[in-house]
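**Student:** below is the sequence, then the predicted model.
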Amino acid sequence: MEDESAAAIAAALDGVGPRLKRLRTRRQLTLTGVAETTGISKSTLSRLETGGRRPTLELLLALSHVYRVPLDQLVAAPEEGDPRLRLKPGRVKGRTVIPLTRQPDGMQAWKIIIPTSKTTPEPRVHDGHEWIYVLSGHMRFMLGDQDLVLGPGEVAAFDTTVPHWFGSTGTEPAEILSIFGRPGEPMTVPTTFVRP
């Protein structure tokens with residue numbers, strides 16, 4: 001049992017370097033830029049990414065902060081015991097947000113519950129692409145000059161560099177799934193469906 005645990009820990013540590021490199025390149029950061037931001041030398045960062053140096057907690061905390069990912073996702077430690085995900089809801093701008101993905105890079109998915117009180121548009125822009133699917137209720141969705149109401153089963157896919165906002169119609173809460181991809185991870189939305 002101890003050998004299996006040690007092997008799992010070694011495998012998790014071996015995966016940190018490639019994960020760090022993927023995070024840095026997907027965020028279009030250079031080793032020099034990360035070194036300047038964290039105070040970690042460029043050579044140390046390079047050795048971490050290539051597996052030439054084992055990560056310490058101090059280094060991982062600094063990189064976790066710079067890449068804006070939780071430490072446990074950055075390390076991707078092996079699961080112990082119960083295989084169920086312990087999803088921890090949070091509150092973001094008055095909405096209940098439940099993370100559905102655990103990887104630090106790539107697509108991120110959330111279940112979002114929008115209360116009836118979220119009716120005042122607050123359009124914003126940021127890099128990336130988003131896909132929204134309405135599970136229940138109706139939500140108001142603004143994209144550029146468009147102001148729409150989406151109901152159960154409806155989907156919106158959009159470039160997040162366009163001013164956008166989604167909230168309540170004011171009559172009922174809405175539950176949605178949101179999938180977000182950072183720049184360089186474009187979503188493919190089919191425009192033609194083939195029927196058998």
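**Tutor:** In hand now; what should we look at? If you're wondering where the values come from, they're calculated on a predicted model, not measured in any experiment. Numbering: from 1, shown residues only.
**Student:** quick one, helices of this structure?
**Tutor:** Applying DSSP state H to the chain gives helices spanning 2-26, 31-38, 42-50, 57-67, 71-75.
**Student:** any idea how far Leu148 is from His138?
**Tutor:** Using Cβ to Cβ, to the nearest Å, His138 is found at 10 Å from Leu148. Backbone N, C-alpha and C define where each C-beta goes, glycine included.
**Student:** which of those two has more residues huddled nearby?
**Tutor:** Using other Cβ atoms under 10 Å as the criterion, His138 and Leu148 rank with His138 on top: 19 against 12.
**Student:** quick one: contacts for the more buried one?
**Tutor:** Counting by Cβ atoms under 8 Å, 6 or more residues apart in numbering, His138 touches Val149, Leu150, Gly151, Pro152, Thr169, Thr171, Glu172, Ala174.
**Student:** His65 too?
**Tutor:** His65 makes contact with Thr38, according to Cβ under 8 Å, 6+ apart.
**Student:** make it 10 Å
**Tutor:** His65 makes contact with Thr37, Thr38, Leu71 under the criterion Cβ atoms under 10 Å, 6 or more residues apart in numbering.
**Student:** so what sits against both of His138 and Leu148?
**Tutor:** By Cβ under 10 Å, 6+ apart, His138 and Leu148 have these common neighbours: Glu154.
**Student:** follow-up on the earlier one: need the contacts of His138 in JSON lines (columns: neighbour count and distance to Pro89).
**Tutor:** Formatted as JSON lines, those follow (neighbours: other Cβ atoms under 10 Å; distance: Cβ to Cβ, whole Å):
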{"residue": "Val149", "neighbour count": "13", "distance to Pro89": "25"}
{"residue": "Leu150", "neighbour count": "20", "distance to Pro89": "22"}
{"residue": "Gly151", "neighbour count": "12", "distance to Pro89": "24"}
{"residue": "Pro152", "neighbour count": "13", "distance to Pro89": "21"}
{"residue": "Thr169", "neighbour count": "18", "distance to Pro89": "22"}
{"residue": "Thr171", "neighbour count": "11", "distance to Pro89": "23"}
{"residue": "Glu172", "neighbour count": "13", "distance to Pro89": "20"}
{"residue": "Ala174", "neighbour count": "28", "distance to Pro89": "16"}
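**Student:** so what's the closest residue to Gly153 other than its chain neighbours bridging to?
**Tutor:** Closest residue to Gly153 apart from its sequence neighbours, by Cβ to Cβ, 6 or more residues apart in numbering: Val134 at 6.7 Å. Beta-bridge pairing for Val134 (DSSP bridges): Ile176.
**Student:** please name the residues that touch Val134.
**Tutor:** Each residue near Val134 by Cβ under 10 Å, 6+ apart is listed here: 114, 141, 149-156, 166, 174-177.
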